[in-house]
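Novice: Sequence isn't available, so here's the structure alone:
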């Protein structure tokens, strides 16, 4: 017991210190003081190597700053709030491609002109998360009305009519569901419903719908989580149908654990631990070199993605959250051991003790393959979200022991 | 001299035998006898792991079969001609998304229903190459009329009005030119103009325009070939502007060598050898592990593409062609030494002595990262084109020595 307390305490300190170092990196290098918003294409030492602004990452960084400002005393600092507001205003001014239409760009120039638009919902989802958090820290109603209006639009695209996304309807394209869509929506349901009875009520059914849709991705008699299934929950043929992403399944796992905890559904919790935590870890952990594979094929064939065997930072951040949350909620010591195993690997391989922040992309053997700290898909999000959530969960576990 | 003859002779035999083995792989595993066309998603042993049909690869395989049938006595066999015709008919029936419009799909279901459309010209270019070769081996005019009509459409998209490609015009998107576009067009100019005085005449000015546009990608006082430049030939800012692909520059190199040879332009030939052969090799060859990097950044920064340091089969096939052609045309023994260096690496690392065909994707250290022999971007094209061209050039060199 004392041993357990000591180990938890040591990890809490390690995680907290790492969060401080990581945030110091973004605070020092990523702020665009001229236009607002954030540079996210940052080299190993933080130098800006491209000034394009990816809307996913703009929204996520605003969200992260507000969340830390709101939840952790030591981050309740004006520099975080001011940067978050400047990022939010940048998004309000520039993210939408053709206002009053709600479609947002995927990437903008430094001064906010749209460069590319994706025919998916994700820019809009991170925009919504940013606006809702901004409202929570500033109490300015315009942010919340932006968030709720965008949420309505996203739900309309997903559940009623996707034509506004601009995807062509082709006769050979199967109607498939990517697990990312109900996951993302479930995340928004939790975001908007936090301590907000009215919105929590409004989105309660949507939350259950999302959970059901995510659970449909468990296939093959519960032996595989597949990234893409048909809209009525059947396995699809070919590579698309067999595609797996262990880190994504683990992320879905902790989203579902939160959902089961809100719903008080212990049966769901047990099912989620088995199929979204233990199963992806068993199949996705590289027995030879450690770390989670990025992609796999459910039949054990070779994936066609060139990066399938690489080790990326975010599946490991998500795995840390998932196992610590699984342990916190179930008390199963096997899950705590898995948290330690993943966290040891992650801290050893991804941290950069010299310049701060984590490397994002290792080869299969664990060697740094890309030295960048930020890029088109890596910003101020997965690492600090993981560290802040783990710090909070470790604190709670220690309080329970005391 | 005798030593040189022996080495050339040994490589001619090695290359010829390898071509036979490679073609045997595709002939055995890739034919769809039910619908026509080709399976290209083939595992290490040739097993079909997905039955989607990628239009680039359908067109390329038709082209390759016809070309071998036409040029090499030992491939003048009905099984190649029949498969090429079945592939051509499959393309005629299914490649265009909404006939009579000319836009082709990027990928089709096994039975020919469109799954995805790219907003670029490349499906249409490989369709054109296939149709022109089919006409050359069958003398059926309908194939040639298809090829010429599609060529007119492609030239219209590139030089007059790209709106039919469906790309949105966004205020932040810089008008940039990918080197692939004039390269591909130059390749079509050569294809259609081969022993065809009328078409060679019709496209002569276009050929010069393509060569000029490719040459605009030489930047920084001749010290770097950049994949993307502005339409008036200036370097672009950011990652897009600094992006380099050494194998692609080498491929452009041999396209330009052919162009300079057709135009009898010895000054151009010398410039091309310096800037499109020697320069990309110097910067792109991995001094630590051998092989050509896939992508680089002209400032030596870390590229953002996860696969940047991987070794792919096609840059090495293109390098073999480029150096052997450079040597054949200039007689510079340094280029022959580079051919041997690249060919030794390529045969050692990419060949699969067990099942035939080449692996496509190695990690930086040269270990096989993906065991597939074909996939969405690898079919029956770069390897046999390289082997057939090298066999032909080695024969010609040996005849000259005799």
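Specialist: Yep, it's here. As the structure is a prediction and not an experimental result, all values here were calculated from the model.
Novice: Which helix runs longest in chain A?
Specialist: helix A:2-29 (DSSP state H).
Novice: any idea how far that one is from the chain center?
Specialist: On the basis of CA atoms, centre = their mean, to the nearest Å, helix A:2-29 sits 19 Å off its chain's mean C-alpha point.
Novice: which bits of the stretch 151-300 of chain A sit near chain B?
Specialist: Counting by CB under 8 Å from any CB of the partner chain, the stretch 151-300 of chain A comes close to chain B at A:168, A:170, A:171, A:172, A:173, A:237, A:238, A:239. Quick note: C-beta positions are derived from backbone N, CA and C, even for glycine.
Novice: hmm, 6 Å instead?
Specialist: A:170, A:171, A:172, A:173, A:238, A:239 (CB under 6 Å from any CB of the partner chain).
Novice: For the residue of the stretch 151-300 of chain A found nearest chain B, which residues are in contact?
Specialist: Residue nearest to chain B within the stretch 151-300 of chain A (CB to the nearest CB): residue A:172, separated by 3.1 Å. Applying CB atoms under 6 Å, 6 or more residues apart in numbering or on different chains to residue A:172 gives the contacts B:109, B:113, B:114, B:115.
Novice: Might you report the residue contacts of residue A:153?
Specialist: So residue A:153 contacts residue A:102 (CB under 6 Å, 6+ apart).
Novice: just how off-centre is the helix or strand where it lies within its chain?
Specialist: Using DSSP states H and E, the element containing residue A:153 is helix A:141-155. Between the centre of helix A:141-155 and the centre of its chain there are 20 Å (CA atoms, centre = their mean).
Novice: just stretch A:201-217 next, same as before
Specialist: On CA atoms, centre = their mean, the centre of stretch A:201-217 falls 18 Å from the chain's centre.
Novice: before we move on, what about stretch A:333-347?
Specialist: 19 Å.
Novice: Buried residues, it. List them.
Specialist: Going by neighbour count (16 or more other CB atoms under 10 Å in any protein chain shown), the buried part of stretch A:333-347 is A:335, A:336, A:338, A:339, A:340, A:342, A:343, A:345, A:346, A:347.
Novice: Then stretch A:128-140?
Specialist: Neighbour-count burial for stretch A:128-140 [16+ other CB under 10 Å]: A:128, A:129, A:130, A:131, A:132, A:133, A:134, A:135, A:136, A:137, A:138.
Novice: State the distance from residue A:17 to residue A:339.
Specialist: 18 Å (CB to CB, to the nearest Å).
Novice: oh sorry, the question was meant for residue A:130
Specialist: 29 Å.
Novice: correct me, but residue A:311 touches residue A:289?
Specialist: No: using CB atoms under 6 Å, residue A:311 is not in contact with residue A:289, being 8.1 Å away.
Novice: more neighbours, these two?
Specialist: residue A:311 (29 against 17; other CB atoms under 10 Å in any protein chain shown).
Novice: What score does the residue of the stretch 151-300 of chain A closest to chain B have for pLDDT?
Specialist: Residue A:172 is assigned a pLDDT of 95 by the prediction.
Novice: near chain B, which of the buried residues of stretch A:333-347 show up?
Specialist: Okay, of those, nothing touches chain B (CB under 6 Å from any CB).
Novice: List the ones among those that fall in helices.
Specialist: A:335, A:336, A:338, A:339, A:340, A:342, A:343, A:345, A:346, A:347.
Novice: Output the residues you listed as a markdown table; include the columns pLDDT.
Specialist: What follows is those, written out as a markdown table (pLDDT from 0 to 100):
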| residue | pLDDT |
| --- | --- |
| A:335 | 98 |
| A:336 | 98 |
| A:338 | 98 |
| A:339 | 98 |
| A:340 | 98 |
| A:342 | 98 |
| A:343 | 98 |
| A:345 | 98 |
| A:346 | 98 |
| A:347 | 98 |
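Novice: Return the member of these nearest to chain B.
Specialist: Using CB to the nearest CB, these come closest to chain B at residue A:346, 18.3 Å.
Novice: so what's the closest one closest to, chain neighbours aside?
Specialist: The shortest distance from residue A:346 to any residue other than its chain neighbours is 4.3 Å, reached at residue A:316 (CB to CB, 6 or more residues apart in numbering or on different chains).
Novice: in which helix or strand would I find the one you found?
Specialist: Judged by DSSP H and E, residue A:316 forms part of helix A:313-330.
Novice: next one: that helix to chain centre, how far?
Specialist: 12 Å.
Novice: So what angle separates the directions of that helix and helix A:2-29?
Specialist: Using axes from the mean of the first three to the mean of the last three CA atoms, to 10 degrees, the inter-axis angle of helix A:313-330 relative to helix A:2-29 is 140 degrees.
Novice: average pLDDT across helix A:313-330?
Specialist: According to the model, helix A:313-330 has a mean pLDDT of 98.
Novice: same for it, what does it pack against?
Specialist: With contacts defined as 3 or more CB pairs under 6 Å, 6 or more residues apart in numbering or on different chains; DSSP states H and E, helix A:313-330 has these neighbours: helix A:246-263, helix A:333-350, helix A:382-401.
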